[in-house]
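**Q** predicted structure and sequence below. I'll ask about it afterward.
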Amino acid sequence: MAFLSKADILAASDLLSESVHVPEWGGEVLVRGLTGAQRDEFEASVVVGKGSNRDVNIKNLRAKLVALSVVDETGALVFSDADVKALGDKSAVALQRVFEVAQRLSGLSGADVEELSKN
């Protein structure tokens, strides 16, 4: 059995994506799983404090993940950090629908958020 080379790994197209129908928004959005760097960014955005004084800030948690996951046909992010508040003001049902797909495609679970607060 041959092992993958660095070139093989870096050339692999490994980000999953899925179209999600969002009737509240009147159409479809393309949701892509997070890259490793994006997941780190997301996790860092919900942890407040350092060392043993860490806490999890779940404010706009769904909107943050959706903003990092919704892409256009070319794979470019649709939302920026500046859009998170406005996105958080959208329907909770719609956000949850997209959030769940983004969560699944990114390998995130509810236990992951709990783990962040423990460490």
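**A** Sure, I can see it. Residues are numbered from 1 along each chain as shown.
**Q** rest of the way, CA atoms for contacts and neighbours
**A** Noted.
**Q** flag the shaky bits of the chain, pLDDT-wise.
**A** Within the chain, the stretches with pLDDT under 70 are 112-119.
**Q** now with 50?
**A** Low-confidence segments of the chain (pLDDT under 50): 117.
**Q** scan it for its longest helix.
**A** If you go by DSSP state H, the chain has its longest helix at helix 92-105.
**Q** and the strands in this protein, which stretches?
**A** 17-22, 27-32, 47-48, 55-56, 70-71 (DSSP state E).
**Q** for the longest helix of the chain, which outside residues touch it?
**A** Helix 92-105 is contacted by residues 16-18, 20, 22-25, 31-34, 62-63, 65-66, 69, 88, 109 when judged by Cα atoms under 8 Å, 6 or more residues apart in numbering.
**Q** if you set the cut-off to 7 Å instead, what comes out?
**A** By Cα atoms under 7 Å, 6 or more residues apart in numbering, the surrounding residues in contact with helix 92-105 are 16, 20, 22, 24, 31-33, 62-63, 65-66, 69, 109.
**Q** neighbour-wise, which of the residues you listed leads?
**A** Most neighbours among those, by other Cα atoms under 10 Å: residue 69, with 29 neighbours.
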